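**Student:** With the sequence up front, the predicted model follows.
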Amino acid sequence: SELPRGEGRGLIQDVLLLAAPVTLNAERWENLRPLVAGRLINAYVPGNVQLGALYRTDHLLSKGCCGLNAVPSAVVQNYDATEHVASDSDAYHFAVPSVLEAVQL
């Protein structure tokens, strides 16, 4: 859903999405951007088997998810978190402190 024009602008300081099984649709990300006053970061792990299986189960016709790929939009900072999470792991929660440090949040 959409907020009325200008409502909620800058409501959130910074956003870090780590392994988020959500759309790569650039237009949707660009609609979200006005709500974020600071940085909008997508931390992804290409080829993560666990996240890939989860996303494909729920989104059979989708072309990809941001937890596995960079978001193709200039309003999003993409960070490859491969060094923090093994490609066969679902233990993203252990990676949060090191990813936050790596992106300087």
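**Tutor:** Okay, I see it.
**Student:** Assign Tyr79 to helix, strand or coil.
**Tutor:** Put simply, Tyr79 is strand when judged by DSSP: H, G, I helix; E, B strand; the rest coil.
**Student:** check which helix or strand covers the nearest residue to it once chain neighbours are set aside.
**Tutor:** The shortest distance from Tyr79 to any non-neighbouring residue, by CB to CB, 6 or more residues apart in numbering, is to Ala43 (4.6 Å). In short, each C-beta sits where N, CA and C put it, glycine included. Following DSSP states H and E, one finds Ala43 within strand 40-44.
**Student:** For that strand, which strands pair with it and how are they oriented?
**Tutor:** Partner strands for strand 40-44, per DSSP bridges, with pairing direction: strand 15-18 (parallel), strand 77-80 (parallel).
**Student:** rank those strands by pLDDT, which is bottom?
**Tutor:** Sorting these by mean pLDDT places strand 15-18 lowest, at a mean of 90.
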